[in-house]
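S.K.: Need coordinates for the following:
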Amino acid sequence: MRSVLLGNGINIQFGGKAYTSSYIMQRIKYRARLDAYKKLFADDMTANDIIKMLEAFVEEANKLKNDKNYSDYAEDSDSQSAIKDFQERYKDWEISKPEDVMLEDWFLLVHVFFLKNRDLEEQRQAGIQGFQQLILDAIYNNGRIQEIYKS
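M.R.: This is a model prediction of the structure:
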């Protein structure tokens, strides 16, 4: 069996809107409401908790967008460069819902959250992995992503 891994641009071109960042984030919220993530978080997070967490990151995204003192917590040049890039791309609009944040920027937001909250370092790896699982689940779209090649 031969396989090829393609970027999200190909998924969007042939799979349609269902594979845009906005729809992927909407799918996470929808699946959370269906309790699809209970097992992932060992029943520690409810659907409302997951949705509230995503909405709280909207506020954090807006703060980061305007933060001139990010070097106080983002000491490495890679983080600083990523934050500058984020600020430049989002400077002209207000982020009002999770769907307004591009998918790749969610990983930056999670990274910055842990930079700002160094006292949570022990939960860092679990938090990142949990978030990655939410995104991957929504991208795979109940296996429908496996059918895009037919298009």
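S.K.: any weak-confidence spans in this structure?
M.R.: Filtered on pLDDT under 70, the chain yields the residue ranges 1-19, 143-151.
S.K.: which stretches of it form strands?
M.R.: In the chain, no strands are defined using DSSP state E.
S.K.: quick one: the helices in it?
M.R.: Remark: helices assigned in the chain by DSSP state H are 8-15, 21-33, 47-66, 77-90, 103-116, 121-140.
S.K.: Deepest-packed of those helices, please.
M.R.: Highest mean neighbour count among the helices of the chain (mean count of other C-beta atoms under 10 Å): helix 21-33, with a mean of 19. Backbone N, C-alpha and C define where each C-beta goes, glycine included.
S.K.: Run through the neighbouring helices and strands of that one.
M.R.: When contacts are defined as 3 or more C-beta pairs under 8 Å, 6 or more residues apart in numbering; DSSP states H and E, helix 21-33 sits against helix 47-66, helix 103-116, helix 121-140.
S.K.: let's see it at 7 Å
M.R.: Applying 3 or more C-beta pairs under 7 Å, 6 or more residues apart in numbering; DSSP states H and E, we find helix 21-33 packed against helix 47-66, helix 121-140.
S.K.: can you list contacts of that helix?
M.R.: Residues from elsewhere that reach helix 21-33 (C-beta atoms under 7 Å, 6 or more residues apart in numbering): 17, 37, 47, 50-51, 54, 98-99, 102-103, 134-135, 137-139, 141.
S.K.: Next, the angle from it to helix 47-66.
M.R.: When axes from the mean of the first three to the mean of the last three C-alpha atoms, to 10 degrees is applied, the directions of helix 21-33 and helix 47-66 differ by 150 degrees.
S.K.: As CSV, could you dump the C-alpha coordinates of helix 21-33?
M.R.: C-alpha atoms of helix 21-33 as CSV (Å, rounded to 0.1, in the frame of the first residue of the first chain):
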residue,chain,number,x,y,z
SER,A,21,-9.8,26.0,10.2
SER,A,22,-13.2,27.4,11.0
TYR,A,23,-15.1,24.2,10.4
ILE,A,24,-12.5,22.1,12.2
MET,A,25,-12.9,24.3,15.3
GLN,A,26,-16.7,24.1,15.0
ARG,A,27,-16.4,20.4,14.7
ILE,A,28,-14.4,20.2,18.0
LYS,A,29,-17.2,22.1,19.8
TYR,A,30,-19.9,20.0,18.2
ARG,A,31,-18.1,16.7,19.1
ALA,A,32,-17.5,18.0,22.6
ARG,A,33,-21.3,18.5,23.0
